[in-house]
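K.L.:
Give the three-dimensional model of this entry:
(chains A, B, C and D)
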Amino acid sequence: MITKTVNSVSEALEDVQDGMTFMLGGFGLSGIPENAIAELVNRNIKDITCISNNAGVDDFGLGLLLKKKQIKKMISSYVGENAEFERQMLSGELEVDLIPQGTLAERCRAAQNGVPAFFTPAGYGTEVAEGKEVREFDGKPHILEHAFKADFAFIKAWKGDTAGNLIFKGTARNFNPNMCGAAKITVVEVEELVEAGELDPNFIHIPGVFVQRIFKGESFEKRIEKRTVKD
Amino acid sequence: MITKTVNSVSEALEDVQDGMTFMLGGFGLSGIPENAIAELVNRNIKDITCISNNAGVDDFGLGLLLKKKQIKKMISSYVGENAEFERQMLSGELEVDLIPQGTLAERCRAAQNGVPAFFTPAGYGTEVAEGKEVREFDGKPHILEHAFKADFAFIKAWKGDTAGNLIFKGTARNFNPNMCGAAKITVVEVEELVEAGELDPNFIHIPGVFVQRIFKGESFEKRIEKRTVKD
Amino acid sequence: MLDKNGIAKRIAQEVKNGYYVNLGIGIPTLVANFVRDDIEVEFQSENGILGMGPFPTETQVDADLINAGKQTITALPGASFFDSALSFGMIRGQHVDLTILGAMEVAQDGNIANWKIPGKMVKGMGGAMDLVGSAKNIIVAMMHTNKAGQSKLLKSCSLPLTGVKCVTKIVTNLAVLDIVDGQFKLIERAPGVSVEEIKKATEGDLIVEGDVPEMKF
Amino acid sequence: MLDKNGIAKRIAQEVKNGYYVNLGIGIPTLVANFVRDDIEVEFQSENGILGMGPFPTETQVDADLINAGKQTITALPGASFFDSALSFGMIRGQHVDLTILGAMEVAQDGNIANWKIPGKMVKGMGGAMDLVGSAKNIIVAMMHTNKAGQSKLLKSCSLPLTGVKCVTKIVTNLAVLDIVDGQFKLIERAPGVSVEEIKKATEGDLIVEGDVPEMKF
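P.N.:
Presented below is the predicted three-dimensional model:
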């Protein structure tokens, strides 16, 4: 097997640079690459373009990068949980490209799979479709969307092995599998790192070929955004 | 949960009709829907269009339908294992549309996922590209391919539950997951059928929403095409 | 006049046996509480679960198990988890039978606006554009008028659109309405609400045919 | 002159540490037997396995575990199984580093033909068009001439193409050649084979620069 392990988040991110485009897995605060985000804060990487479904909350997730104004542009589908984000966006400090969630997922998946462009009905007739090619299929209008391009994908998985094979847990899976291999370099942090051969080959969510670097995350807070319980 | 079980292959296929288009999972003889094929032979369904990567061998798999001349047209990527197929094709009795294997898989996946069309580099500059739109992305020419349309998808899974959730085994997985939900009606035969709740929700390959009918196959021969062993 | 739970309860009557249903944030989430328990229904949440169950107990709470509203949830027996691309494949591929979502405005041509107020509020569309772009059956759950008392059922939407010609039914605190031939057709009145009150609260063209029945619960 | 195993052995030298490799049917399959065991390499088979191992013992044989040539195989520790769409996503997305496949004809512009003889033989392209349409690094493994003694290294292909301008290297029973600026460039001679013999067996334009070394094993 081809070994993908690195020793630390610091080693995994040693070549990240200002001005790069990053993909970050996660939905809300679930399944976000906490260790990679902390390291981006540490290194004070600037002028980042982020492809991430959400923008974190004011004091966690991508909110930590927003607070330090490290982010130049966000490509997201929903940012309603972050007041600082909304302030920077409405004031024009932050560029924002809001795109439909399914289109965001499919543009990641297209990049991963070498599909440069595809048609989708999502956003037809809205401002999302402005400037995009429209074509009818079976009488229904669709718009042409393109694969993303990114320098790094930062991924959070549940378990991984030294060959880079990944397993995700519950709804913390979300965008993470679709972003693996969708950027030039895919960096994965896992809660549990095992030897190649310990995971059942039939139940691997993402094969190691889509992963360049994997490490065991030092800590995961796994903050819950809206704790709701039964009476 | 929404129950998808039917009692038999006969019940599962009761509304198949002459002239329909079927998708059939499997690669070579591995992971083919043996019970559905047998039932199509029993019912003597005619003028079938088959979307299937291969065409079986002379006396097994789709070869059984070919022998009885039930197939009008094959849409496949590789048919080199079946002499009767080659004879019918060269004599013009059988219409054949040969398409690249990855394009075949992606056209199934596109149908499943509601993507009407996508661009791929496969086949550019060959007869596969004839009559198709060509467009360059990053200086590289791609051709536009469309989602398949089919009446039934016949799928072989390893385990399934009453809600239609599926698990495949080894390389018998192949096209089966990509064809689920890619036709109007998806019919699945499994080796083992369990109650909803018995499969780990984290390790389901195809959620039940893509499946309309599921049954435990009466028998599986699982013939091996090229038995190769170590000395 | 209905409260939010009343709207949810009325919409629950539209959920049929064998339906896969996607529930949006807000009132739609409440619909799950009122679906008959003698029918088979599965709830999909677009962040990646089919077979979503009720909120967890304190001990069941799991950060890795949330719904599209970021609330902690549970998974029912027979549930499955999947990635976002496949989740929206389900939606785009019309495998989900019914979508229930909120709106700021609905127009009589079926257009809907629910994600942006220019220069003011920008939450983003989330999965709404994918849902309304593909769903066969879209019910909007909302108040008939906004906080300023203005109608949310309009001749045409003034806010940036989420989708065009897609809404099929609207259930509000005052009424059930279908979109028919580019007009709102009044189907049912909320208990104690008159046709006149509904007319007054509806800016768009309203078709009223014969005696309009009151909702039954 | 090399036999099939010799061709495979020479190609194995092109397999570098850290490579994911797709092996076609025929001679390419043999390459796996000769890869150095002190480097990390994984074999992908496009029917849905990464980390393919050797043939099974009699007791290991499993109908649900085959390679793209339909042969029974084994899976190494660290292997993974996946569906055909993701498998070709790996290929199309250029995650596979090296593709080794057979051919009926290769042209000096890098074109390749290996799937069809009009009116005669029609096997189909299988995954070959996807592989040659996307791979960064394509090595063709074949005999230098066909059974009739005619060159398979041509000015231009006469058979229906599998892909255009894609082949980077060819290893035959006689030589190693690179495609350079629309010509075949002779890199190495097979043991005991002269430049003249290679010239004679090559219909396309052949560049020979200086002393061409013999292959080393």
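K.L.:
close to chain D, is stretch A:181-190?
P.N.:
Yes - residues of stretch A:181-190 are located near chain D by CB under 8 Å from any CB of the partner chain, namely A:Gly181. For every residue, glycine as well, the C-beta is placed using N, CA and C.
K.L.:
Straight-line length of that stretch, end to end?
P.N.:
16 Å (CA to CA, to the nearest Å).
K.L.:
pull the helix or strand with minimum mean pLDDT from chain C.
P.N.:
When each helix and strand of chain C is scored by mean pLDDT, DSSP states H and E, strand C:121-122 comes last, with a mean of 78.
K.L.:
Toward the C-terminus, what is the element adjacent to that strand?
P.N.:
Next in sequence after strand C:121-122, counting helices and strands by DSSP states H and E, comes helix C:128-134.
K.L.:
Give me the mean pLDDT for that following helix.
P.N.:
Helix C:128-134 carries an average pLDDT of 97.
K.L.:
which residue sits farthest out from the middle of chain C?
P.N.:
Centroid-distance maximum for chain C: C:Thr59 at 30.8 Å, with CA atoms, centre = their mean.
K.L.:
Which strands border the least confident helix or strand of chain C, and is each parallel or antiparallel?
P.N.:
Taking DSSP bridges as the criterion, strand C:121-122 forms sheet pairs with strand C:116-117 (antiparallel).
K.L.:
Can you tell me what sits against the strand it pairs with?
P.N.:
Residues outside strand C:116-117 that contact it (CB atoms under 8 Å, 6 or more residues apart in numbering or on different chains) are A:98, C:104, C:122-125, C:159-160.
K.L.:
switch to 6 Å and redo it
P.N.:
C:122, C:160 (CB atoms under 6 Å, 6 or more residues apart in numbering or on different chains).
K.L.:
For chain C, just list every one of the helices.
P.N.:
C:4-12, C:27-31, C:84-92, C:128-134, C:195-201 (DSSP state H).
K.L.:
Which stretch among those is buried most, on average?
P.N.:
Highest mean neighbour count among the helices of chain C (mean count of other CB atoms under 10 Å in any protein chain shown): helix C:128-134, with a mean of 30.
K.L.:
who does that helix touch, helix- and strand-wise?
P.N.:
Counting contacts by 3 or more CB pairs under 6 Å, 6 or more residues apart in numbering or on different chains; DSSP states H and E, helix C:128-134 packs against helix C:84-92.
K.L.:
Establish whether the helix it packs on and chain B are in contact.
P.N.:
Yes - counting by CB under 6 Å from any CB of the partner chain, contacts between helix C:84-92 and chain B involve C:89-90, C:92.
K.L.:
With just CA atoms, put that helix into PDB.
P.N.:
C-alpha atoms of helix C:84-92 as PDB (Å, rounded to 0.1, in the frame of the first residue of the first chain):
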ATOM      1  CA  SER C  84     -24.100  15.500  -0.100                       C
ATOM      2  CA  ALA C  85     -23.700  14.700  -3.800                       C
ATOM      3  CA  LEU C  86     -25.900  11.600  -3.400                       C
ATOM      4  CA  SER C  87     -28.300  13.400  -1.200                       C
ATOM      5  CA  PHE C  88     -28.900  16.100  -3.800                       C
ATOM      6  CA  GLY C  89     -28.900  13.300  -6.500                       C
ATOM      7  CA  MET C  90     -32.000  12.000  -4.700                       C
ATOM      8  CA  ILE C  91     -33.500  15.400  -4.800                       C
ATOM      9  CA  ARG C  92     -32.400  16.300  -8.400                       C
END
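K.L.:
hmm, it touching chain A?
P.N.:
Yes - applying CB under 6 Å from any CB, one finds helix C:84-92 touching chain A at C:84-85, C:88, C:92.
K.L.:
got a markdown table for the residues you listed, with pLDDT too?
P.N.:
Below are these laid out as a markdown table (pLDDT from 0 to 100):
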| residue | pLDDT |
| --- | --- |
| C:Ser84 | 98 |
| C:Ala85 | 98 |
| C:Phe88 | 98 |
| C:Arg92 | 98 |
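K.L.:
From the residues of helix C:84-92 next to chain B, pick the one nearest D:Asp3.
P.N.:
Closest approach between the residues of helix C:84-92 next to chain B and D:Asp3, by CB to CB: C:Gly89, at 48.5 Å.
K.L.:
Could you measure from the residue farthest from the centre of chain C over to chain A?
P.N.:
9 Å (CB to the nearest CB, to the nearest Å).
K.L.:
repeat for C:Ala141
P.N.:
18 Å.
K.L.:
next one: C:Ile49
P.N.:
5 Å.
K.L.:
which parts of the helix or strand of chain A with the lowest mean pLDDT are buried?
P.N.:
Lowest on mean pLDDT, DSSP H and E among the helices and strands of chain A sits helix A:83-91, with a mean of 87. Within helix A:83-91, the residues that count as buried by 16 or more other CB atoms under 10 Å in any protein chain shown are A:84-86, A:88-89.
K.L.:
before we move on, what about stretch A:23-43?
P.N.:
Along stretch A:23-43, these residues count as buried under the neighbour rule (16+ other CB under 10 Å): A:23-40.
K.L.:
same thing with stretch A:191-208?
P.N.:
Those would be A:191, A:193, A:196-197, A:199, A:201-208, for stretch A:191-208 by 16+ other CB under 10 Å.
K.L.:
Now narrow these to whatever sits close to chain D.
P.N.:
Answer for these near chain D (CB under 6 Å from any CB): A:196-197, A:201-202, A:204, A:207.
K.L.:
now the residues you listed in a markdown table, with pLDDT and secondary structure?
P.N.:
A markdown table is the format used below for these (pLDDT from 0 to 100; DSSP: H, G, I helix; E, B strand; the rest coil):
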| residue | pLDDT | secondary structure |
| --- | --- | --- |
| A:Ala196 | 98 | coil |
| A:Gly197 | 97 | coil |
| A:Pro201 | 98 | helix |
| A:Asn202 | 98 | helix |
| A:Ile204 | 98 | coil |
| A:Pro207 | 98 | coil |
